[in-house]
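Engineer: Make a model of this:
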Amino acid sequence: MEIWKEYQQKNKEKFLNEMIELLRIPSVSAKSEHKKDMLACAEAVKKSLLNAGADKAAVMQTKGHPVVYGEKIIDVKKPTVLIYGHYDVQPPEPLELWHSAPFEPVIKNGKVYARGSADDKGQFFMHIKALETLVKTNTMSTNIKFLIEGEEEIGSPSLAKFVEENKTLLKADVILISDSAMLSMENPSLDIGVRGLSYIEVEVTGPDRDLHSGTYGGAVANPITIICEMIASCHDENNHITIPDFYDDVAEITSQERALMNEAPYMEKEYEKEIGVNQLWGEKGYTTIERTGIRPTLEINGIWGGYTGEGAKTVLPSKATAKISARLVPNQSSEKMTKLLLNYFTKIAPPFVTVKAFKHHGGEPYLTPIDSKGYQAASKAVETTFGKIPIPIRGGGSIPICSILEKELGIKIIFMGFGLDSDNLHSPNEKYGIENFYKGIETIPYFHKYFAAPNPEGE
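Structural biologist: Numbering: from 1, shown residues only. Just a heads-up that it's a prediction; the model follows:
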């Protein structure tokens, strides 16, 4: 039994309570009204790093929300692990669908319900508690650095410049990220990649003001109808995306890779029940695991226009708007795909409306080589604590900064998440299993041990 396990057992309740206090801070990066909360959260992260035993920690300013940096250096000759995470969270709306207040954490059925619990406060906090464990038990085998940003949920617009200007500070041998999920606690997995993202907004304008739908209906195009028709044209009867050139750069997956991917345990009926649908939907010719990992997608993230208040108001609206995102796979470029989408929606605009389309943010897809020392260390660490070799899978989400981190720092990224797909990320009632939280704190020290060792067996 490793010496650090005794320390973890004695401090479990303290670890959980400290994580819960961090979850109380409404660090919503997308809303300017939460600017003070963002600063307060950054300071709280800094304090937690210092309390855990970091040699130094600092809140570092950017053009947007600040970055929190921390480090514990034991020997410059030893390998250095850079931990990346983000303290900002998604907006909690719609509030009426939460069964408890999003920033008043509630423990129910062994899970902590709160915005940011799994994405990503609970997960990066595991690394801080793992640092504390290693420091307090004098068992550190690597140098550890922390890069915790405050803009991941809005596309990390300030982080690229920060990384470029702080290459020496961030110098490391590998990057470790826990901002992903595993299949289940019974069937652990490791993400070997994430999809990229292209996010745009489309605005369709008809008349210069809202009109009476009786007086003008039938004579003037309704922008809501038009935008719905434009969006509907993006998929065919096989749910294949019809936008010209959309699939041109998609890296084809071999039949062997697809077969390996589909060995992962998957029960369709349970999947449907978990998310509350009667039947799944997706691109013909691919399994659900493939659709959410190796295939690009196009989704409508929001659509509005006209009167949406209580009661009836018979108007023909002046405008309709939609937020649209595409998830990208290797070798698709977010810049190229964004241009493609913007041009497409502008080009298909009928003459009786005006269409404006503009970019929000994007990010590149990323793949981790499974033969790298970092991946082998993560796999061995998970095997040690779960008793099973983790299954390599591809995550469907996006972490925009990945490709920039590798490009600027010249090192690989390892994903070692302990959340679950059922944790309601970005949805009401986000949750994170307490068992998952503790298991992460137990497993992470083994990653450092095996990464520092001459071979993957930790010897």
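Engineer: where's the worst-scoring helix or strand of the chain on mean pLDDT relative to the chain centroid, distance-wise?
Structural biologist: Using mean pLDDT, DSSP states H and E, helix 255-261 stands out as the lowest-scoring helix or strand of the chain, at a mean of 83. The chain centroid and the centroid of helix 255-261 are separated by 25 Å under CA atoms, centre = their mean, to the nearest Å.
Engineer: Tell me which residues touch A172, please.
Structural biologist: Going by CB atoms under 8 Å, 6 or more residues apart in numbering, A172 touches 80-82, 143, 145, 409, 411. Any C-beta I mention is one placed from the backbone N, CA and C, and that applies to glycine too.
Engineer: Looking at the residues you listed, which are in helices?
Structural biologist: L409 (DSSP state H).
Engineer: Pull the most distant pair out of the contacts of A172.
Structural biologist: N143 and L409 (14.5 Å; CB to CB).
Engineer: sorry, back to before: touching the least confident helix or strand of the chain from outside, list them.
Structural biologist: With CB under 8 Å, 6+ apart, helix 255-261 has contacts from 253, 289-290, 293-294, 392-394.
Engineer: So which elements touch the helix or strand containing Q8?
Structural biologist: Secondary structure assignment for Q8, by DSSP states H and E: helix 3-10. The contact analysis (3 or more CB pairs under 8 Å, 6 or more residues apart in numbering; DSSP states H and E) places helix 3-10 against helix 121-136, helix 434-452.
Engineer: Give me the buried positions along the least confident helix or strand of the chain.
Structural biologist: M261 (16 or more other CB atoms under 10 Å).
Engineer: Excluding residues flanking it in the chain, which one is nearest E18?
Structural biologist: In space, and not counting its chain neighbours, E18 is closest to S48: 6.7 Å by CB to CB, 6 or more residues apart in numbering.
Engineer: Surely the one you found touches L131?
Structural biologist: No: counting by CB atoms under 8 Å, S48 does not reach L131; the two are 9.7 Å apart.
Engineer: Domain parsing of the protein, as residue ranges.
Structural biologist: Following automatic domain parsing, the chain resolves into domains at 3-194+365-452, 196-250+296-363.
Engineer: could you dump these to JSON lines with mean pLDDT?
Structural biologist: Output for the domains of the chain, formatted as JSON lines (pLDDT from 0 to 100):
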{"stretch": "domain 3-194+365-452", "mean pLDDT": "96"}
{"stretch": "domain 196-250+296-363", "mean pLDDT": "97"}
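Engineer: which is the next helix or strand following the helix holding Q8?
Structural biologist: Downstream of helix 3-10 (by DSSP H and E), the next one is helix 12-23.
Engineer: Show me what that following helix is packed against.
Structural biologist: helix 35-52, strand 111-113, helix 121-136, helix 434-452.
Engineer: Just the buried positions in the third one, please.
Structural biologist: Read it as helix 121-136. Those would be 121-135, for helix 121-136 by 16+ other CB under 10 Å.
Engineer: Could you report the neighbour count for D120?
Structural biologist: 28 (other CB atoms under 10 Å).
Engineer: Check E459 and give its pLDDT.
Structural biologist: E459 carries a pLDDT score of 59 in this model.
Engineer: Same question for E270.
Structural biologist: At E270, pLDDT is 87.
Engineer: A helix includes it, no?
Structural biologist: Yes: membership of E270 in a helix is supported by DSSP: H, G, I helix; E, B strand; the rest coil.
Engineer: From I434, how far out is it?
Structural biologist: Relative to I434, E270 is positioned 22 Å away (CB to CB, to the nearest Å).
Engineer: Which residue of the two possesses the greater neighbour count?
Structural biologist: It is I434, of E270 and I434, that has more neighbours when counted by other CB under 10 Å, with 18 against 9.
Engineer: Disregarding flanking residues, what is the spatial nearest neighbour of the more buried one?
Structural biologist: I434 sits nearest to G110 (CB to CB, 6+ apart), 5.4 Å away.
Engineer: and if you look at Y216?
Structural biologist: L316 (5.3 Å).
Engineer: shouldn't the one you found be in contact with D210?
Structural biologist: Yes: in terms of CB under 8 Å, L316 counts as a neighbour of D210; the distance is 6.8 Å.
Engineer: so who does L134 touch?
Structural biologist: When contacts are taken as CB under 8 Å, 6+ apart, L134 is in contact with 4, 140-141, 144, 445, 448.
Engineer: rerun that using 10 Å as the cut-off
Structural biologist: L134 sits next to 3-4, 7, 52-53, 72, 74, 140-142, 144, 444-445, 448-449 when contact means CB atoms under 10 Å, 6 or more residues apart in numbering.
Engineer: looking at this, A320 is in a strand?
Structural biologist: Yes: per three-state DSSP, A320 lies within a strand segment.
Engineer: And the residue lying closest to it once chain neighbours are set aside, how far from L316?
Structural biologist: In space, and not counting its chain neighbours, A320 is closest to G305: 3.2 Å by CB to CB, 6+ apart. Distance, G305 to L316, by CB to CB: 10 Å.
Engineer: Name the residues contacting each of the two.
Structural biologist: With CB under 10 Å, 6+ apart, G305 and L316 have common neighbours 206, 210, 222-225.
Engineer: right, and out of those, which lies closest to D423?
Structural biologist: Distances from D423 to these, taken by CB to CB, are shortest for I224, at 33.7 Å.
Engineer: Ramachandran angles for that closest one?
Structural biologist: phi -70, psi -40 (degrees, to the nearest 10).
Engineer: same check, this time on N343
Structural biologist: According to degrees, to the nearest 10, N343 has phi -70, psi -40.
Engineer: Surely it touches A349?
Structural biologist: No: applying CB atoms under 10 Å, one finds N343 not in contact with A349, separated by 11.1 Å.
Engineer: More neighbours: which of the two?
Structural biologist: Set N343 next to A349 and count neighbours by other CB under 10 Å: A349 wins out with 18 against 14.
Engineer: so that one, which of the three states?
Structural biologist: coil.
Engineer: Tell me, how many residues neighbour W281?
Structural biologist: 9.
Engineer: Find the nearest non-adjacent residue to it, please.
Structural biologist: N239 is the one closest to W281 (CB to CB, 6+ apart), at 6.6 Å.
Engineer: can you pull out the strands in the stretch 301-450 of the chain?
Structural biologist: Secondary structure of the stretch 301-450 of the chain (DSSP state E, counting those that start in this stretch): strands located at 315-316, 319-328, 354-363, 366-367, 391-394, 413-415, 419-420, 431-433.
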